[in-house]
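Novice: Please work out how this folds:
(3 chains)
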Amino acid sequence: MSTCNRILKPGDYIQKEVFVARFCRKAFVGLVILALLGGSISIWGCGKTGSSTPGSSTPIKIVLSAPFTGTGSALGEWCEKGARLAVDEINASGGVKGASFDLITYDDASDASTAATIIRRAISSDKAVAIFGPNMSGAVLGVNTLAQQAKVPMLVGATATSLRYDKTKNDYLFRIKTDDGVKGAELVKYVVEVLKAKKPGIIVGSDSYCTSGLADLKQDFDTYGIKIVDIENMKEGDKDVTAQVTKLKKAGIDVLIGMTHEPEGAVVMLKVRELKLTVPCIGESAWGVPMFTDLAGDAAIGVISLQVLNLADPDPRVQKFVDAYTAKWGTEPSDPANCYYDGVYLLKKAIEMAGSTDGVKIDEALKTVEYTGVQGLMKCDALHNFTNTCYISQFNGKTWDILSKIP
Amino acid sequence: MRRNLKRIVYGAFLVLILLLPLLSRNEYNLFVTDTAFLNIILVSGLVFLTGFAGQISLGQVGFSAIGAYTSALVTMRLGMPIPIGIVAGVAVSVIVGLFVAIPSFKLKTFFLSLVTIAFGEIIHLLLVNLTALTGGSQGLFNIPPMKLGDTPFTNTLYYYLFLVIVALVILLMYRLKYSHIGREMFAVNDDDVAAEACAINSRKTKTFAFGLSAGLAGLSGALTAHMVGFLTPDPFTLSNSVNFVAMAVVGGLRELGGGVVGGFVLTWLPELLKLKIQGFENYYLMVDSVIVLLVVVLLPSGLGAILFKGLSRLWGEKQGAVTLHNSKSKEGE
Amino acid sequence: MVLSNLLQNIIGGVSVGATYGLIGLGVVFLWQSIERINFANISSAMIAAYLFYTFYAQLHLPFFISLVASIAIIAVYGLLLRYLLFEPINHHGGGELEFVVATVMLSTFWLSAIKAFYGGVPRPFPPVFGEATSFVRIGSVSIPFVYFSVFFVVLVLICALYLLLWKTMIGKMLRATAQNKETASLMGINVNMTTSLAFMLATTIVGIGGILLAPTYFVSLDLGAGPIGVKGFASAIMGGMINPFGTIVGGITIGLVENFSALFISSVYKDVISFVILVVVIIWKPRGIFNWTTKED
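Specialist: Model prediction:
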């Protein structure tokens, strides 16, 4: 083929060149095909055994589906490090009745399709005893029925209200982070009762976390009888919100609520400072994390936000966790590391209570087990939420000052 | 003797394919293979469009999305049975494909690719924003699965269904390739002005190619919707269109089996690379794209081309009358 | 609309648009040289930004050294691009289509490589162009200092390019080979060298564009993906794929159109509008917005 395109000079050893070229190519192709065949046969052939009683030395497999890319990219690292800190601590102190946890992590790219593939893999290939994550609500909506069908408990840090038990009726879905409805209600309560705002404006992102959060906020403001003066939309990845902030300013709002992810929040706050919109700005929990303050820099000073973890909380359990995390990973933790840390310990307690790694038994145990973790007392309520803890804090340029802690 | 060898090899291959689901106890691997079949359908359409007719498309997922959402909406909102939904999905994709063909009449490779990118992105944006219709970024849930009587299809049943569909698609492509339509496509691919001079209506040919590939993509999308049970706008992005084009090139753009080879190899490669070495989960995508790059650079005619050439040399077949060069026949390009 | 808001949008649009133009220049230089489109064009921007971030913010090297090192590496990358991608594809019989597919896969590779080494988390760009919160006041309008410095750098770059292309021998050689390769080589111009130069120039300019975009886009995967690459192509097309100034003007046009469509029409459909304009321009005026003199496709 390529010989047609080359200019052949007299005396070229055509046969040899062609032979060598073709041989190299064939060898390459042959290797690729062999590798693929070998790999697929080895993977095809494996079918591992199912549940086992703890106390044997077979490790207990748990799978973590976390967002390392996509709209949730801020969170993947925290999910993994929080879970792994717990797994390593537990394994070092004897494991779960002698058996150690084996944590497998996958990147679900913050989207439902990738997550669905991961969950299927976790269930059928890895034969996981329990699944942590996905962390993004949109992904959980798509995959929780898979866990339900396979009878594998799923503990998620996803917080949309559409994941409450009364909506999903999924016995195998549990939430280890405070529900958006609870957080949203606290936010609105703060805005109305403490800031005494009457003309709120909202800027909202376009993915499912943002849109369902907006629906909750609208409902909450309705109960106070306050009308939202202006709602502006932005898309994940947008870097210019001049138009949106201009319109908000024109609408004469007296407080700005941010219902976006971290980079978008930074973009908004930079523009707010630029256009001199001098109203209080308060964000949902995505604004209360280091990625937001890093990207926004000085523009984040004075911003109020919901938080799921505050490093300055004097509660001894929080401080112990912060110290252990910092010692192991070299950086301070952030939401949702604490949630997944709690989640792994919760699972341990449930397995011990159930006396088995059978999915159905663990599920039963999870419904009644009580555990006091970084987020306080965790017990499964009627909506399958384990916790309702959150903070409202204000950023002072270096840290977040706690304005109130709920409950 | 050689002909018997060919029959033995093909026969063994056929037996393997038919018995595959029964050999494995792993539902996940079966699911991946089902996904591979769906990708094969889409990529075959792409091979037809880009390899045979020479029109580049970096927006195929747009058609896939149209097929998927149409079928989902028809079965969910209008309560129609699934086959009707699928037919509707394919029909709408084909119609849209016919319109997308229009820019291809005047535009060449790069500019056409930009238009197809724009098409894909516009579809994605519509999916995210037309919330009342598409469910927005949350998407559509509880899409009815295919059922046998009252029980939903298992992965194994999907396997056999998709196998049949793939076989039909390949049969269709075979018939088209060796018909006058196929020859017209290759002519237009090589030089559409010269083709016009030979009384070939290049517009009609291009329109047909786009329509066909759009229909196949729509079929793939519709089937995915019912197999997976939910739809979000997330998978319908430019990077997935790119993946499909990569599958077509790796498989072999001018080969009938290009779609099969490319779809199968590049669906399974990322899975095989997900080795459970801690920390490797970050690198598997990188390794995957390097391998694809190497194949594209070193073997631009595709793995399929080498495979089939090697096979036909194995059983000493002489090259047939309708042999088409695997590289662009324009000299000095 | 209040004049101050209008002015804000104009200045913002011009500044960002000029950087789109720079990205488009990368496309144009390569097109003029080898008549191929590099879909991994935008990856050079992302790589350069991450390199600068690594040198300056992580390794704490001095600003000048970080800048020069990043640019040097990106220039060498251009050379590698020629010899490791373009030449082998030609050698093995691939054409325009294969090059498109290969460069598309290359851009995917860079995205996954950066993700593997730096993670998918956006990082703040060090405030080398001025603090994000420092503003310049013109009357009642306050404009971030960053816009001015970025635009200033683009102006300097364009002047440098003009001098290079029209006032030096090398520039003349580049323009000659762009017009007609065979004749140029007949005139004694080393076409091999000018081709390599074109590759290096393309990646370097786009790399600088990436560093200039990083304050706005953050040091993130957004710098190497989707929408922004398309805007680079759109700028190139507005300039008819031939005239560098047309490309910059095209980029500025896109920046302005984006801002104003967000203001007057809809912020959500802003990207759709850009795409629609792109398609309309391609179909209706493939020689660029102002009918720059054309070369056959």
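Novice: Every contact and neighbour count from this point should use C-alpha atoms.
Specialist: OK.
Novice: what's in contact with stretch A:64-80?
Specialist: Residues outside stretch A:64-80 that contact it (Cα atoms under 8 Å, 6 or more residues apart in numbering or on different chains) are A:103-111, A:115, A:118-119, A:131-136, A:236, A:261-262, A:291, A:333-337, A:339-340, C:115, C:119-121.
Novice: whoops, stretch B:160-177 was the one
Specialist: B:18, B:34, B:37, B:38, B:40, B:41, B:44, B:48, B:182, B:183, B:256, B:257.
Novice: And the helices in chain C, which stretches?
Specialist: For chain C, the helices defined by DSSP state H cover C:3-34, C:41-53, C:63-81, C:87-91, C:96-118, C:145-167, C:169-179, C:181-186, C:191-217, C:226-238, C:244-264, C:270-284.
Novice: what angle sits between the second one and helix C:226-238?
Specialist: Orientation check (axes from the mean of the first three to the mean of the last three Cα atoms, to 10 degrees): helix C:41-53 against helix C:226-238 gives 120 degrees.
Novice: for the third one, same thing?
Specialist: Between the axis of helix C:63-81 and that of helix C:226-238 there is an angle of 70 degrees, by the same axes, to 10 degrees.
Novice: Can you list the helices and strands that helix C:63-81 packs against?
Specialist: helix C:41-53, helix C:191-217 (3 or more Cα pairs under 8 Å, 6 or more residues apart in numbering or on different chains; DSSP states H and E).
Novice: Tell me the helix or strand right after the one helix or strand residue A:185 maps to.
Specialist: Residue A:185 belongs to helix A:180-189 when elements are defined using DSSP states H and E. Remark: after helix A:180-189, the chain's next helix or strand is strand A:200-204, criterion DSSP H and E.
Novice: list the helices and strands that next one packs on?
Specialist: helix A:208-224, strand A:230-233, strand A:255-259.
Novice: count of neighbours near the residue in the stretch 251-400 of chain A that chain C sits nearest to?
Specialist: Closest approach between the stretch 251-400 of chain A and chain C, counting by Cα to the nearest Cα: residue A:295, at 4.7 Å. The number of residues packed around residue A:295, counting by other Cα atoms under 10 Å in any protein chain shown, is 26.
Novice: ok, it touching residue A:266?
Specialist: Yes. Assessed by Cα atoms under 8 Å, residue A:295 is found in contact with residue A:266 at 5.7 Å.
Novice: Can you pull up the residues of the stretch 1-150 of chain B that come close to chain C?
Specialist: B:56, B:103, B:106-111, B:114-115, B:118, B:121-122, B:125, B:129 (Cα under 8 Å from any Cα of the partner chain).
Novice: go with 7 Å
Specialist: B:110, B:111, B:115, B:118, B:122 (Cα under 7 Å from any Cα of the partner chain).
Novice: got the residues of the stretch 1-150 of chain B near chain A?
Specialist: Residues of the stretch 1-150 of chain B lying near chain A (Cα under 7 Å from any Cα): B:24, B:25, B:26, B:27, B:28, B:29, B:137, B:138.
Novice: The same query, at a cut-off of 10 Å, please.
Specialist: Proximity of the stretch 1-150 of chain B to chain A (Cα under 10 Å from any Cα of the partner chain) is limited to residues B:20, B:23-32, B:128-129, B:135-142.
Novice: Near chain B, list only the ones from the contacts of stretch A:64-80.
Specialist: Answer for these near chain B (Cα under 10 Å from any Cα): A:103, A:104, A:105, A:106, A:107, A:109, A:110, A:111, A:118, A:119, C:115, C:119.
Novice: for the third one, which residues make a bridge with it?
Specialist: Here residue A:105 shows beta-bridge partners residue A:64, assigned using DSSP bridges.
Novice: Could you report the neighbour count for it?
Specialist: 24.
Novice: Out of the helices and strands packed on strand A:200-204, flag the one nearest residue C:201.
Specialist: Nearest to residue C:201 among those is strand A:230-233; the distance by Cα to Cα comes to 39.0 Å.
Novice: pLDDT averaged over that closest one - what is it?
Specialist: For strand A:230-233, mean pLDDT is 91.
Novice: same question, stretch A:376-386
Specialist: Rounded mean pLDDT across stretch A:376-386 is 86.
Novice: chain center to stretch B:102-113, what's the gap?
Specialist: 21 Å (Cα atoms, centre = their mean, to the nearest Å).
Novice: and what of stretch A:279-298?
Specialist: That offset, for stretch A:279-298, works out to 17 Å (Cα atoms, centre = their mean).
Novice: Residue A:206 is in contact with residue A:235, isn't it?
Specialist: Yes. The criterion here is Cα atoms under 10 Å, and residue A:206 meets it with residue A:235 at 5.3 Å.
Novice: hey, what's in contact with both of the two?
Specialist: A:260, A:261, B:128, C:268 (Cα atoms under 10 Å, 6 or more residues apart in numbering or on different chains).
Novice: In those, which residue is surrounded by the most others?
Specialist: Neighbour max across the shared contacts of residue A:206 and residue A:235 (other Cα under 10 Å) = residue A:260, 31 neighbours.
Novice: who are the neighbours in contact with that residue?
Specialist: Residues in contact with residue A:260 (Cα under 10 Å, 6+ apart) are A:71, A:202-207, A:209-211, A:213-214, A:233-236, A:266, A:268, A:283-287.
Novice: just residue B:113 next, same as before
Specialist: By Cα under 10 Å, 6+ apart, the neighbours of residue B:113 are B:55, B:56, B:57, B:58, B:59, B:104, B:107, B:119, C:100.
Novice: Could you check the pLDDT of it?
Specialist: pLDDT recorded at residue B:113 is 85.
Novice: coming back round to it: overlap of the contact sets of residue A:295 and residue A:266?
Specialist: The contact lists of residue A:295 and residue A:266 share residue C:124, where a contact means Cα under 10 Å, 6+ apart.
Novice: Those residues of the stretch 101-250 of chain C touching chain B, which are they?
Specialist: Going by Cα under 10 Å from any Cα, the residues of the stretch 101-250 of chain C near chain B are C:101-117, C:119, C:225-227, C:230, C:233-234, C:237.
Novice: residue ranges of the strands in chain A, please?
Specialist: With DSSP state E as the definition, chain A shows strands at residue ranges A:60-66, A:101-107, A:130-132, A:154-156, A:173-175, A:200-204, A:230-233, A:255-259, A:281-283, A:304-307, A:370-373, A:376-379, A:390-395, A:400-406.
Novice: partners of the fourth one in the sheet?
Specialist: Sheet partners assigned to strand A:154-156 using DSSP bridges are listed as strand A:130-132 (parallel), strand A:173-175 (parallel).
Novice: What average pLDDT does that strand get?
Specialist: Here the average pLDDT along strand A:154-156 is 92.
Novice: Starting from the biggest helix by length in chain B, tell me the next helix or strand along the chain.
Specialist: If you go by DSSP H, chain B has its longest helix at helix B:202-228. Downstream of helix B:202-228, the next assigned helix or strand under DSSP H and E is helix B:238-251.
Novice: wait, what's in contact with residue A:223?
Specialist: Residues in contact with residue A:223 (Cα under 10 Å, 6+ apart) are A:185, A:188.
Novice: can you list the weak-confidence ranges in the chain?
Specialist: You didn't pick a chain, so chain A it is. When residues are selected by pLDDT under 70, those of chain A lie in A:1-57.
Novice: actually chain B
Specialist: Those would be B:1-3, B:275-282, B:315-333, if you go by pLDDT under 70 across chain B.
Novice: 50 instead?
Specialist: Residues of chain B meeting the criterion pLDDT under 50: B:320-333.
Novice: Which residue ranges of it form helices?
Specialist: Along chain B, the segments classed as helices by DSSP H run B:2-23, B:27-46, B:60-76, B:82-100, B:109-129, B:131-134, B:155-177, B:180-190, B:192-197, B:202-228, B:238-251, B:258-273, B:284-298, B:303-314.
Novice: now for those helices, which one comes closest to residue A:311?
Specialist: Among those, helix B:284-298 sits nearest to residue A:311 (Cα to Cα), with 34.5 Å.
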